[in-house]
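Colleague: Predicted model and sequence below, questions to follow.
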Amino acid sequence: MSKIYTPDTAALDVEQVLRLLEGRWKLVILFHLFDGKVQRYSDFSRLIPGISQKMLSQQLRQLEADGIVSRKVYPQIPPKVEYRLTQWGQALCPALDAMLKWAEKRDTFSPNEP
């Protein structure tokens, strides 16, 4: 059963969602995990050249703590750690795709149009 929103409750819930995704690199990390992709820590370092190791670790830990990303550590030397989206994280894909499609429409509207 879907929740019934008022303007106030909708705004509060959207604010909570945005807090989960805030951070300069979280969305970039998520896009590299979409479609069931599995990435290792070193993959992210290569795929996102502007991110520091400290920031990458921090963002991955936050995404894991929020239940969006899962982390699997293999007991070997050197350590092997893999990251993937949880089922809930994968459910975010259509929403982010919709946001991209919405952004593409920006140029089709006149700036003074109500």
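Modeller: Arrived safely, thanks for sending. Numbering: from 1, shown residues only.
Colleague: Where is the longest helix in the chain?
Modeller: Longest helix in the chain by number of residues (criterion: DSSP state H): helix 7-21.
Colleague: average model confidence for that one?
Modeller: For helix 7-21, mean pLDDT is 90.
Colleague: any idea how far residue 15 is from residue 55?
Modeller: To residue 15, residue 55 is 23 Å away according to C-beta to C-beta, to the nearest Å. Every residue, glycine included, has its C-beta placed from N, CA and C.
Colleague: Name the residue in those two with the higher neighbour count.
Modeller: Remark: of residue 55 and residue 15, residue 55 carries more neighbours, 14 against 9, as counted by other C-beta atoms under 10 Å.
Colleague: quick one: which helix or strand includes the more buried one?
Modeller: helix 53-65 (DSSP states H and E).
Colleague: Please state the offset of that helix from the chain centre?
Modeller: With C-alpha atoms, centre = their mean, to the nearest Å as the basis, helix 53-65 stands 11 Å off its chain's centre.
Colleague: now what about it, what contacts it?
Modeller: 23-26, 29-30, 41, 44-45, 48, 51, 69-71, 83, 89 (C-beta atoms under 8 Å, 6 or more residues apart in numbering).
Colleague: Buried only: go through those residues for me.
Modeller: 25, 26, 29, 30, 41, 44, 48, 51, 69, 70, 83, 89 (16 or more other C-beta atoms under 10 Å).
Colleague: Sort out which one of the residues you listed lies nearest residue 99 for me.
Modeller: residue 30 (11.8 Å; C-beta to C-beta).
Colleague: For the closest one, give me the backbone phi and psi.
Modeller: phi -60, psi -40 (degrees, to the nearest 10).
Colleague: Past the helix holding residue 55, which element shows up next along the chain?
Modeller: Following helix 53-65 toward the C-terminus (DSSP H and E): strand 69-74.
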